[in-house]
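1. Here's my sequence, what's the structure:
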Amino acid sequence: MSALVEHVEEVNKQITGLSDSNNKIVENISQLSAVTQEVTVNAEQVHNMSEQNLKYAEQVKQAVEHIRGTSQKMHIG
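-> Got it, this is the predicted structure:
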């Protein structure tokens, strides 16, 4: 009978170990999910900033073209 009790106790220890491991896995998945959400938000922000930078670059291009045109008119006149 004591062998059976020892066996049951060993199985209980193993189940406890599996439960602890499972809890750690769940915690790590939760952390990974949170990090993934942060990365997604940051990627969206970078995308928005890139679009804004493209608009600024277009404005600079137009300003340079205007300056160049004005400069050429001054040389002609």
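2. C-alpha from now on. contacts and neighbour counts both.
-> Will do.
3. Can you get me a residue count around Arg68?
-> Arg68 has 12 neighbours, counted by other CA atoms under 10 Å.
4. confidence score at it?
-> At Arg68, the model reports a pLDDT of 94.
5. any low-confidence regions in the chain?
-> In the predicted model of the chain, residues 77 satisfy pLDDT under 70.
6. Pick out the residue nearest the middle of it.
-> Val39 (1.0 Å; CA atoms, centre = their mean).
7. Which helix or which strand is home to it?
-> Assigned by DSSP states H and E, Val39 belongs to helix 2-76.
8. that older thread, any figure for the gap between the residue nearest to the centre of the chain and Leu32?
-> Note on Val39: its distance to Leu32, by CA to CA, to the nearest Å, is 10 Å.
9. What count of nearby residues applies to His66?
-> 12.
10. Could you do the one 10 residues further on as well?
-> Applying the criterion other CA under 10 Å, we find 6 residues in the vicinity of Ile76.
11. Repeat that for Leu54.
-> Leu54 has 12 neighbouring residues, counting by other CA under 10 Å.
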